[in-house]
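K.L.:
Mind folding the following:
(one chain, ligands or ions: 1)
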Amino acid sequence: MIHAISNVELESYLDEALPQERMAEIENAFRDDPKLGERFAEIVSKRDAGVHTLGSIWRRNRLSCPSREKLGSYLLKVLDPDETEYINFHLETIGCRYCNASLGDLGQQHEAADAKERESRRTKYFQSSAGYLSVDD
Ligand SMILES: [Zn+2]
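P.N.:
Below you'll find the predicted structure:
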């Protein structure tokens with residue numbers, strides 16, 4: 001089911017700043033809805049004329065993206081509720097592709113670090129048991 005496509009989304013589409021799925025949905029919608037194409041053409045022509053909405057400038061420069069450190073803290077759930085809410089909004093409602101990719105990447109690093117930590121605990125445990133054994137010997 002296609003949700004109504006707002007001008008903001010069309011701008012994001014132009015910036016290729018939407019999630020892949022939504023990009024595809026909008027591409028399909030162009031085929032079914034000539035009106036949508038007209039709206040899009042209008043946005044493009046405004047762009048060409050140098051008229052940029054504040055929103056498009058923001059998206060283009062990614063000013064609203066949280067830093068990678070913030071995303072890391074978000075992942076660890078150590079942000080305050082306001083920041084968490086903002087990042088939720090940014091990731092889910094805006095569907096920022098860069099940050100979603102970044103978060104996926106951080107998640108993998110995080111898991112790898114976890115596994116490494118478990119591994120080193122295990123090694124320490126065996127080393128200390130080995131140590132005890134050699135003392136007992
Ligand atoms: Zn972002």
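K.L.:
Helices of this structure, start to end?
P.N.:
7-14, 20-32, 34-48, 54-61, 68-75, 81-88, 97-136 (DSSP state H).
K.L.:
Please identify the deepest-packed of these.
P.N.:
helix 7-14 (a mean of 18; mean count of other C-beta atoms under 10 Å). The way it works is simple: take the backbone N, C-alpha and C, and place the C-beta from them, glycine included.
K.L.:
so how far is the ion from the residue nearest the centre of the chain?
P.N.:
Centroid-nearest residue in the chain, with C-alpha atoms, centre = their mean: N100, separated by 1.7 Å. Using C-beta to the ion, to the nearest Å, we find N100 at a distance of 8 Å from the ion.
K.L.:
same deal with R22?
P.N.:
For R22 relative to the ion (C-beta to the ion), the value is 15 Å.
K.L.:
still on that earlier bit, tabulate the helices of the chain (JSON lines), appending mean pLDDT.
P.N.:
Below are the helices of the chain laid out as JSON lines (pLDDT from 0 to 100):
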{"stretch": "helix 7-14", "mean pLDDT": "88"}
{"stretch": "helix 20-32", "mean pLDDT": "89"}
{"stretch": "helix 34-48", "mean pLDDT": "85"}
{"stretch": "helix 54-61", "mean pLDDT": "60"}
{"stretch": "helix 68-75", "mean pLDDT": "92"}
{"stretch": "helix 81-88", "mean pLDDT": "89"}
{"stretch": "helix 97-136", "mean pLDDT": "80"}
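K.L.:
show me the contacts for L79.
P.N.:
Counting by C-beta atoms under 8 Å, 6 or more residues apart in numbering, L79 touches K70, S73, I87.
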